[in-house]
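> Build the 3D model from these lines:
(one chain, ligands or ions: 2)
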Amino acid sequence: MRKVSIFGATGSIGQNTIDLIKRAPEEYEVVALTGARNIEQLAADARALNAQIAVTADDSLLEDLRAALKGSGVIAAAGADAILEAAHRPADWIMSAIVGAAGLAPGMAALGQGSTLALANKESLVCAGKLLLETGRAQGAQILPVDSEHSAVFQALVGEDMNAVERIIITASGGAFRDWPIEDLCDATLDQASSHPNWDMGQRITIDSASMFNKAMEVIETREFFDVAPEQIEVLIHPQSMIHALVGFNDGALMAHVGPPDMRHAIGYALHHPQRRHIPVERLDLAAIGSFEFRAPDDARWPALRIAREVMARGGLAGAVFNAAKETALDGFIAGQLKFTQMSDVVSQVLDRMDAQGGHIDATMTLDNVLETDHLARKAARLAIEQRAG
Ligand code: NDP
Ligand code: MG
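Ligands and ions are numbered 1, 2, ... in the order given. Predicted structure coming up:
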């Protein structure tokens, strides 16, 4: 039996992972499941999968979790340290699907003990890609991409020589506002930004899709994961979300990965790698679909794409500043303190300020420095939000 743990088990990726595991429970021994506020789901899955331990990130919910697990034999724990401790429990395969920079330290811990890391938490790569990849290499631990575009690129590269790769094209649906008049974007509401035309995902990544901060993160993720130059990475608007990515080779060939917008494909690929196994996703009827649409991205509509290029040009810990500022600006938008279009203003401002201050972006990439930079960037972003409100 394979030992598996799922970090962020109660979220959208976590639940899709559990859906696949529940289809063949005899093959898996579940070590740890973690969540935050959704105690009912966490306890139900920990019972159903007979997990060793269930952990909530929220200390104040420990008693609720204990009560929900009473009589099950599953250990209950709470807090960021308990999540880290759970990541140190030996497992063959770990799903990293916590949302936000909070996923970085558990992912590092999992790699540190040699587990295969199925990486949905793109924030880890944006904040500390080199550190994460080096830790994986040093421990002989594999990192498998779960973000659909990166899983698609990974699959298109099987058996290929990276020296023959000219470019990587990741597609973007364009999110909720791809067809809105640009001048209306500043009045976009939380409800409007929280509904995705194609994908059913957590709220934060759905809003990031509307602002294209998600794609900006994914451009940086592509650079880190596949070690290609920024100018080799292109974004293509493809409203149907069926071609997830394309790899262009030096003979002019483009290898495209086509599939339905269902995360169970990418999760299942990472779960069964290097095999391919039956996965219960829709089979596409291309004749019925008829045609695929493509458009060039528009930097005026989505300033996040330009910011991603600036972050890659700055290098160092700019990714950690970018991610922290983006997460804080998103909190500000969700709390009604920022307009939709002000999120990118705040992120740019924080990047400029922290670059001008010196020291932070140039610091050596250690976990402590990344977490410190993350902390300072969040503080700077909160200040920028307050100044706007005031
Ligand atoms: P969700 O918001 O649906 O789930 C997030 C998970 O993280 C939940 O289990 C949540 O617990 C938990 N969590 C929240 N805050 C913390 C914290 N501070 N510490 C520990 N755990 C916490 O997110 P998604 O599943 O959509 O996304 C997860 C990750 O995967 C993100 O990095 C996202 O960018 C990435 N991703 C997601 C895709 C998707 O289709 N959803 C596609 C590609 C990448 P609880 O719910 O119990 O509060
Ligand atoms: Mg994606």
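> Tell me the residues on the chain that lie near ligand 2, please.
147-149 (CB under 5 Å from the ion). C-beta coordinates here come from the backbone N, C-alpha and C atoms, glycine included.
> can we see that at 6 Å?
Counting by CB under 6 Å from the ion, the chain comes close to ligand 2 at 147-149, 218.
> neighbours around whatever residue of the stretch 101-250 of the chain ends up closest to ligand 1, how many?
Residue of the stretch 101-250 of the chain nearest ligand 1, by CB to the nearest ligand atom: Gly202 (2.7 Å). Gly202 has 16 neighbouring residues, counting by other CB atoms under 10 Å.
> Of the residues of the chain next to ligand 2, which pair is most distant in space?
Ser148 and Glu218 (9.4 Å; CB to CB).
> you'd agree Ala86 is up against Val55?
Yes. With contact defined as CB atoms under 8 Å, Ala86 reaches Val55; the gap is 5.0 Å.
> the more surrounded of those two?
Val55 (32 against 26).
> Could you list the buried residues of stretch 227-239?
228, 233-235, 237-239 (16 or more other CB atoms under 10 Å).
> swap that for stretch 1-13, sorry
3-13.
> Mind jotting down where the strands sit in the stretch 151-300 of the chain?
165-172, 233-237, 243-249, 254-258 (DSSP state E, counting those that start in this stretch).
> Out of those strands, flag the one nearest Ala68.
strand 243-249 (37.1 Å).
> tell me the mean pLDDT over the closest one?
On average, the pLDDT along strand 243-249 is 98.
> got the contact list for the closest residue to Glu85 other than its chain neighbours?
Nearest residue to Glu85 in three dimensions, chain neighbours excluded: Ala77, at 7.3 Å (CB to CB, 6 or more residues apart in numbering). With contact taken as CB atoms under 8 Å, 6 or more residues apart in numbering, Ala77 is in contact with 53-56, 62, 85-86.
> Reformat the residues you listed as a markdown table; add secondary structure and pLDDT.
Formatted as a markdown table, the contacts of Ala77 follow (DSSP: H, G, I helix; E, B strand; the rest coil; pLDDT from 0 to 100):
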| residue | secondary structure | pLDDT |
| --- | --- | --- |
| Ile53 | strand | 98 |
| Ala54 | strand | 99 |
| Val55 | strand | 99 |
| Thr56 | strand | 98 |
| Leu62 | helix | 98 |
| Glu85 | helix | 98 |
| Ala86 | helix | 98 |
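> out of these, which are buried?
For those, buried by 16+ other CB under 10 Å: 53-56, 62, 85-86.
> Now the residue of the stretch 1-150 of the chain found nearest ligand 2. Nearest residue, chain neighbours left out?
Proximity of the stretch 1-150 of the chain to ligand 2 (CB to the ion) peaks at Asp147, 4.2 Å away. Leaving aside its chain neighbours, Asp147 sits nearest to Lys122 (5.5 Å; criterion: CB to CB, 6+ apart).
> Relative to its centre, which residue of the chain is most distant?
Gly71 (34.9 Å; CA atoms, centre = their mean).
> would that residue count as being in a helix?
No. Using DSSP: H, G, I helix; E, B strand; the rest coil, the secondary structure at Gly71 is coil, not a helix.
> Give me the local confidence score for it.
98.
> how much space between it and Arg47?
Distance of Gly71 to Arg47, given as CB to CB, to the nearest Å: 9 Å.
> any idea how far Leu254 is from the residue lying closest to Arg167 once chain neighbours are set aside?
Closest residue in space to Arg167, ignoring its immediate chain neighbours: Gly248 at 4.2 Å, by CB to CB, 6+ apart. Using CB to CB, Gly248 is found at 5 Å from Leu254.
> which bits of this structure sit near ligand 1?
Applying CB under 6 Å from any ligand atom, we find that the chain lies next to ligand 1 at 8-14, 35-38, 57, 83, 97-99, 102, 120-123, 147, 199, 201-202, 204-205, 263.
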